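Trainee: sequence-free structure coming up:
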């Protein structure tokens, strides 16, 4: 027995080491799986960020070109629209969105200059040198093509050309490439021409390029054309070109429900909302191996790797506890830093909205109020002199009054600072009134005595959740009644309920595929609250956000015009 015991010690060590090695391998496999899931989630967030920047950029360009095309002087092809368009173009040029803007008549032949041109020179070239007829021939050719396309299909809202040579230059002084983006000009007499803006490729690359070298967003259209940053290599282009010879981009992206491989890259895709005759997708590529790195056991393969793990297990047992604790602490710190960064980004976004709302209040609304007063004075003067144009002046004053009302409404929605000034319930009631005015759907409001919200961030997040839920109900539900309720019992519960068509249940946490639901869930998570989306097809949808109170607070009081809570509302708060 004494002889046998020393033999059992190495065997025991080997067994213990084998068990420890197995545990380490399992832990490493789990950690690798969690890391891959985390990388995919970061890739999804990167895709959403790139998608947001692309859609925001094209929305700004399209809105500006559409605004130009709707001007009455432009519809009549009158030169007195030059100053108006020049100001809009200067703003787009200063914001590095457009390098040129043309107003082109229907009969444009490309052998002469367009009806109106808005351009800039450079440090080395004058406007005449840079924008000579010879350098702009390729742009003119696509403008003529787009004229024919708009003429043939009156339902087209906008057209985006393939990538061509522009007459402008890149920041490095080389001949720029880019795209002709145009909207039609129509009047009572029919199709009159188009307004075209030149989008340089390097500007679109700057919009797409947000990550490091290991992230690469690209833009793909229904024709299979690929546009990306300067790091987009030929291997990726070749992969997509070969793929699109076998199936169309629409067929390919319809099949992609999760991440897919593009050579050594991992990719995620999403349709992009770009007003154009083509469909567009944003594809976000990233190198998963760079993100994974090389951990302790990341390079193990086969029996050799397992043997090394067994030999190291005896030593690793003593260090395992400390190493795991340090790793856990590092992950917690990383998570806290990420949450803090997300909070700061959210606050920056809200501050920007408040700034835009302040500008609307202080500048545009004041200007509209002045124009309205002047129009009313003109109406009175014309009426006093019995002139027939008094009715026209009254119509102008009414139009300005409606524009002023809409601008004030937009400004109020953009700057929820009034949440604390007038009371949270009053702000939500006003939001319900705006929803009813815009959509024509009756929107009831009910609030009981609830605890006051003194934290601006909490009030703002709840306000945005209600705002998103009301927008969804107005746009998608087909409801005939919407009800907004605020209840307080162990905290604050805000709900938006409609009697519309409903939809397939997104899950217990409202984790649907829609961007709006994810944003609402994200805001609720930031507040430590609970978001529930209850929907039954044909019976309506209810969105509930609950915040638990950590300490008792003084009651804020009933909202102006609010009614006392019902038993049903109290039960909802407890759910």
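Mentor: Looks like it came in fine. Only a predicted model underlies this, so the values are computations on that prediction, with no experimental measurement involved. Numbers count the residues shown, from 1 in each chain.

Trainee: helix or strand: which one has residue 546?
Mentor: Take DSSP states H and E as the rule and residue 546 turns out to sit in strand 540-548.

Trainee: buried stuff in that strand?
Mentor: 540-547 (16 or more other Cβ atoms under 10 Å). Just so you know, the C-beta spots here come from the backbone N, C-alpha and C atoms, and that holds for glycine as well.

Trainee: okay, now the sheet partners of that strand, with direction.
Mentor: Counting by DSSP bridges, the strands paired with strand 540-548 are strand 491-498 (antiparallel), strand 530-536 (antiparallel).

Trainee: got the contact list for that strand?
Mentor: 458, 462, 465-466, 469, 472-473, 477, 479, 490-503, 510, 520, 524, 527-535, 572-573, 575 (Cβ atoms under 8 Å, 6 or more residues apart in numbering).

Trainee: rewinding a little: could you dump the buried residues of strand 540-548 to TSV with pLDDT and distance to residue 241?
Mentor: Compiled in TSV, those are given as follows (pLDDT from 0 to 100; distance: Cβ to Cβ, whole Å):
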residue	pLDDT	distance to residue 241
540	91	48
541	93	44
542	93	48
543	93	44
544	93	49
545	91	47
546	90	51
547	88	52
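
Trainee: tell me which of the strands paired with strand 540-548 sits most buried.
Mentor: strand 491-498 (a mean of 24; mean count of other Cβ atoms under 10 Å).

Trainee: now the element after it, going C-ward?
Mentor: Scanning onward from strand 491-498 (DSSP H and E), the first element met is helix 515-526.

Trainee: packing partners of that next one?
Mentor: Judged by 3 or more Cβ pairs under 8 Å, 6 or more residues apart in numbering; DSSP states H and E, the packing partners of helix 515-526 are helix 302-359, helix 456-472, strand 530-536, strand 540-548.

Trainee: also compute the angle for the third one relative to helix 515-526, please.
Mentor: Orientation note: strand 530-536 sits at an angle of 150 degrees relative to helix 515-526 (axes from the mean of the first three to the mean of the last three Cα atoms, to 10 degrees).

Trainee: and for the last one?
Mentor: Going by the same axes, to 10 degrees, strand 540-548 is angled at 20 degrees with respect to helix 515-526.

Trainee: would you mark the buried spots in stretch 271-279?
Mentor: 272, 274-277, 279.

Trainee: quickly list the domain ranges of the protein.
Mentor: Per the record, the chain has its domains at 70-205, 321-415, 418-574, by automatic domain parsing.

Trainee: which one of the ones you listed has the lowest average pLDDT?
Mentor: For the domains of the chain, mean pLDDT drops lowest on domain 321-415, to a mean of 65.

Trainee: tell me, which strand in this structure spans the most residues?
Mentor: Taking DSSP state E as the criterion, the chain has its longest strand at strand 175-187.

Trainee: quick check: next helix or strand after it?
Mentor: Next along from strand 175-187, by DSSP H and E: strand 190-200.

Trainee: helices or strands up against that following strand?
Mentor: Using 3+ Cβ pairs under 8 Å, 6+ apart, strand 190-200 sits against helix 4-69, strand 100-105, helix 137-152, strand 164-169, strand 175-187.

Trainee: my guess is residue 176 contacts residue 164, does it?
Mentor: No - counting by Cβ atoms under 8 Å, residue 176 does not reach residue 164; the two are 10.0 Å apart.

Trainee: neighbour-wise, which of those two wins?
Mentor: Neighbours were counted for residue 176 and for residue 164 using other Cβ atoms under 10 Å; residue 176 has more, 19 against 15.

Trainee: the more buried one and residue 54: what is the separation?
Mentor: Applying Cβ to Cβ, to the nearest Å, the value for residue 176 to residue 54 is 19 Å.

Trainee: got it, and residue 74?
Mentor: Separation of residue 74 from residue 54 (Cβ to Cβ) stands at 27 Å.

Trainee: the two: who's more crowded?
Mentor: Per other Cβ under 10 Å, whichever of residue 74 and residue 54 has more neighbours is residue 74, with 24 against 20.

Trainee: and residue 335, how many neighbours?
Mentor: 10.

Trainee: circling back: could I get the strands paired with strand 540-548 as TSV with distance to residue 258?
Mentor: Shown next, in TSV, are the strands paired with strand 540-548 (distance: least, Cβ to Cβ, whole Å):
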stretch	distance to residue 258
strand 491-498	31
strand 530-536	23
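
Trainee: tell me which of those lies nearest to residue 207.
Mentor: strand 530-536 (31.4 Å; Cβ to Cβ).

Trainee: quick check: angle from that closest one to helix 456-472?
Mentor: 10 degrees.

Trainee: the residue nearest to residue 180 when sequence neighbours are not counted: neighbour count?
Mentor: The shortest distance from residue 180 to any non-neighbouring residue, by Cβ to Cβ, 6 or more residues apart in numbering, is to residue 161 (4.1 Å). Counted with other Cβ under 10 Å, the neighbours of residue 161 add up to 21.

Trainee: any idea how far residue 161 lies from residue 143?
Mentor: To residue 143, residue 161 is 9 Å away according to Cβ to Cβ.

Trainee: identify the contacts common to these two.
Mentor: Contacts common to residue 161 and residue 143, judged by Cβ under 8 Å, 6+ apart, are residue 180.

Trainee: pull the contacting residues for residue 238.
Mentor: Neighbours of residue 238 in contact, by Cβ under 8 Å, 6+ apart: none.

Trainee: quickly find the element holding it.
Mentor: With DSSP H and E as the criterion, residue 238 is inside helix 234-246.

Trainee: buried residues, that helix. List them.
Mentor: Going by neighbour count (16+ other Cβ under 10 Å), the buried part of helix 234-246 is 236, 239-240, 244.

Trainee: cool, stretch 374-384 as well?
Mentor: 375-376, 378-379, 382.

Trainee: so which of these belong to helices?
Mentor: Using DSSP state H, 375-376, 378-379, 382 are the members of these that sit in helices.

Trainee: residue 167 contacts residue 127, correct?
Mentor: No - counting by Cβ under 8 Å, residue 167 sits too far from residue 127 to count as a contact (10.2 Å).

Trainee: neighbour count: the two, which is higher?
Mentor: residue 167 (24 against 12).

Trainee: for that one, which non-adjacent residue is spatially closest?
Mentor: Residue 167 sits nearest to residue 135 (Cβ to Cβ, 6+ apart), 3.8 Å away.

Trainee: how about the one you found, secondary structure?
Mentor: coil (DSSP: H, G, I helix; E, B strand; the rest coil).

Trainee: for it, the count of nearby residues, please.
Mentor: Residue 135: 16 neighbours (other Cβ under 10 Å).

Trainee: on that earlier part again, out of the buried residues of strand 540-548, who's nearest residue 155?
Mentor: Checking these one by one against residue 155 (Cβ to Cβ), the nearest turns out to be residue 541, at 31.9 Å.

Trainee: gap between that closest one and residue 516?
Mentor: The gap separating residue 541 from residue 516 is 12 Å, by Cβ to Cβ.

Trainee: repeat for residue 493
Mentor: 20 Å.
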